[in-house]
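> Next comes the sequence, and after it the predicted model I'd like to discuss.
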Amino acid sequence: MNLINLPYQINRIHVAHRENTLGLLTYGSVHHYQPIQEQHHVSLTMTRQGMDGYSSGTLHPIFSQNLPEGFNRRFISQKLARYAKVNDMYLLALQGDQGIGLLNYQSDLLFPETTSLSLDQILSYHSQEPLFPQLLEKYYLRNALAGMQPKVSIPNVQLNQTDRTVQQKDFIVKSFDDDFPLLTVNEFVCMQAAQYCGLEPPKSYLSNNLETYVVERFDRKNTGERLGYEDFTTLLKKSNDADAKYTGSYETLLKATLLYTGRLSEVEKMYRYIVFNCLIGNGDAHLKNFALQYSSDMTNIFVSPPFDLTHTLIYPNIDQNMALKLKGSKAFPHVADLLKLAESDTFRIRNAKDIIFSFSEHILDYLKQSNEVQLFNGLRQSIERSVSNIMVSSTTRKCYRHDKKKKFD
């Protein structure tokens, strides 16, 4: 795309699902979303009857949930600074039809066609010039992805070629910076551990040079059908700021899951994710890293697969707390805390003890046989220590020093 031809600002976006326009989002003194039909809603939180619009000073949570943060936001803003007024509306428009979830955004932007890549090209790349900056340069105009760390969404990546067809899927490619070395290895190991525990995360890959981590997008079915997606900052109607995703508790997460899905099986699934994140020492399991998905008619609502799994305790430049509270504290829990989490006035997870002990054993078993965990010096020992600290009693577990630095800022 010739950047000179970009519109300077975007104040009107048509929100659609497939070819069906759902409403008009405008920005003047406030952000206003005006639905134009009643059959399909844009969010589980915006389903009131009638054609009244929704006004908000900041961008509505369903639209802001996928806006880039940190590295990607800075990169896009710097690239377009001479040509466009890059605000939340502009970043939303850049998602086009590549946004996570059901919705696509139609504006004055015209996107260029991009050549396709194969998964093997990414994983086997070998050159003195790093691959990730090239991918970012090529796809950044379609790269409005949430998160603090460097990442890029790549559509139509070629997988296996047969005599007649070439299988294609959409992937997200991540890299790392100096503050979080080998985050690619870290996330791959944690995702594989989740798979070993039976949590069914999306397929993920680690490049041969360790520069990139590749994960399959899970908001697309093999048939190409798109699934709705809303993280818990949206579902809990949190504000669109950097700290909002760190407010709340895992107890609230479970209760909200029951409220939206109405199924104890989905509450148990969410409980499993929380237990796993605690055991592996993921201090960045915040509200944006848990989500619900649903069919296009919103009749089938379910917990999304686990994603963005990392062991944060190995990085000395961030605090040693959890992202959300459990029993009123962000200190990592012990077994009794996790057992208590399984009970509330609205639900009870009867096999909680089996889940905790089974996960701890499976994580340790996986680490013993993993080749990739050896690529990050000290990672295996650090995760094992995390598991051990939770599985011992509260009177003997190690205490960590806490400070106030946020995760991945």
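Received it, and whenever you're ready, just let me know what you need.
> What segments of the stretch 51-200 of the chain are strands?
54-56, 104-106, 151-161, 166-174 (DSSP state E, counting those that start in this stretch).
> My error: substitute the stretch 201-350 of the chain in the last question.
Along the stretch 201-350 of the chain, the stretches classed as strands by DSSP E, counting those that start in this stretch are 204-206, 213-216, 228-231, 291-294, 301-303.
> show me where pLDDT drops low in this structure?
For the chain, the stretches flagged by pLDDT under 70 are 1-4, 143-144, 160-166, 393-409.
> now the residue nearest the centre of it, nearest residue through space, not along the chain?
Residue closest to the mean C-alpha point of the chain, counted by Cα atoms, centre = their mean, is N289 at 4.8 Å. What sits nearest to N289 in space, not counting adjacent residues and going by Cβ to Cβ, 6 or more residues apart in numbering, is D308, at 4.6 Å. Yep, even glycine has a C-beta here, placed from its N, CA and C like the rest.
> From D284, how far off is the closest residue to G70 other than its chain neighbours?
Once flanking residues are discounted, G70 sits nearest to M148: 3.3 Å by Cβ to Cβ, 6+ apart. For M148, the distance to D284 (Cβ to Cβ, to the nearest Å) stands at 9 Å.
> between the two, who's got more neighbours?
Relative neighbour count places D284 above the other of M148 and D284, with 23 against 19, counting by other Cβ atoms under 10 Å.
> Go ahead and confirm the more buried one touches L309.
No: using Cβ atoms under 8 Å, D284 makes no contact with L309, being 9.2 Å away.
> on that earlier part again, for S56, which of the strands of the stretch 201-350 of the chain is the nearest?
Comparison of those against S56 by Cβ to Cβ identifies strand 228-231 as nearest, at 16.0 Å.
> now the helices for the stretch 251-400 of the chain?
In the stretch 251-400 of the chain, the segments counted as helices under DSSP state H, counting those that start in this stretch are 264-280, 335-341, 352-369, 379-391.
> hang on, the earlier thing: now distance to P130 and mean neighbour count too, for the strands of the stretch 201-350 of the chain, in CSV please.
Formatted as CSV, these follow (distance: least, Cβ to Cβ, whole Å; neighbours: other Cβ atoms under 10 Å):
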stretch, distance to P130, mean neighbour count
strand 204-206, 15, 20
strand 213-216, 14, 20
strand 228-231, 30, 24
strand 291-294, 30, 21
strand 301-303, 35, 19
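> need the ones you listed in a markdown table with distance to F71, can you?
Output for the strands of the stretch 201-350 of the chain, formatted as a markdown table (distance: least, Cβ to Cβ, whole Å):
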| stretch | distance to F71 |
| --- | --- |
| strand 204-206 | 20 |
| strand 213-216 | 15 |
| strand 228-231 | 19 |
| strand 291-294 | 21 |
| strand 301-303 | 28 |
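> among those strands, which is nearest C278?
C278 sits nearest to strand 301-303 of all the strands of the stretch 201-350 of the chain, at 16.8 Å, using Cβ to Cβ.
> What lies in contact with that closest one?
With contacts defined as Cβ atoms under 8 Å, 6 or more residues apart in numbering, strand 301-303 is touched by 44, 257, 260-262, 266, 269-270, 273, 290-294.
> Next: stretch 109-128.
1, 5-7, 10, 93-94, 96, 131, 135, 138-139, 141-142, 154-159, 168, 171, 173, 205-209, 211-212, 214.
> T21 - that's part of a helix, no?
No: assessed by DSSP: H, G, I helix; E, B strand; the rest coil, T21 does not belong to a helix; its assignment is strand.
> care to break the protein down by domain?
Residue ranges for the domains of the chain, per automatic domain parsing: 3-106, 119-216, 228-391.
> Any idea how far apart the tips of the shortest one sit?
To tie it back to what came earlier, the one meant is domain 119-216. Criterion Cα to Cα, to the nearest Å; first-to-last residue distance in domain 119-216 is 11 Å.
> With stretch 18-32 instead?
22 Å.
> Same question for it: list its buried residues.
By 16 or more other Cβ atoms under 10 Å, the buried positions in stretch 18-32 come out as T21, L22, G23, L24, L25, Y27, H31, H32.
> Just the residues contacting stretch 85-97, thanks.
8-11, 13, 25, 27, 31, 58-59, 63-64, 66-68, 73, 76-77, 80, 84, 104-109, 111, 141-144, 240.
> does I13 sit in a helix, a strand or a coil?
I13 ends up strand, using three-state DSSP.
> I figured it was touching L22, is that so?
No: applying Cβ under 8 Å as the test, I13 and L22 come out as separate, 11.1 Å apart.
> re earlier: would you list the strands of the stretch 51-200 of the chain in TSV and tack on distance to I280 and mean neighbour count?
Conversion of the strands of the stretch 51-200 of the chain to TSV gives the following (distance: least, Cβ to Cβ, whole Å; neighbours: other Cβ under 10 Å):
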stretch	distance to I280	mean neighbour count
strand 54-56	36	15
strand 104-106	35	19
strand 151-161	20	17
strand 166-174	18	18
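> can you redo those strands as a markdown table with distance to T346?
As requested, those are exported to a markdown table (distance: least, Cβ to Cβ, whole Å):
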| stretch | distance to T346 |
| --- | --- |
| strand 54-56 | 29 |
| strand 104-106 | 36 |
| strand 151-161 | 36 |
| strand 166-174 | 35 |
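> Mind checking those strands for the one nearest to H362?
H362 sits nearest to strand 166-174 of all these, at 24.7 Å, using Cβ to Cβ.
> which helices and strands sit right next to that closest one?
Using 3 or more Cβ pairs under 8 Å, 6 or more residues apart in numbering; DSSP states H and E, the elements in contact with strand 166-174 are helix 119-123, strand 151-161, helix 183-196, strand 213-216.
> what residues does that strand touch?
98, 116, 119, 122, 132, 135, 145, 149-161, 183-184, 187, 212-217, 220.
> Which residues does stretch 248-267 contact?
By Cβ under 8 Å, 6+ apart, the residues outside stretch 248-267 that reach it are 44, 232, 235-236, 238, 270-271, 274, 287, 290, 292, 301-303, 324-326, 328, 341, 344, 346-347, 349.
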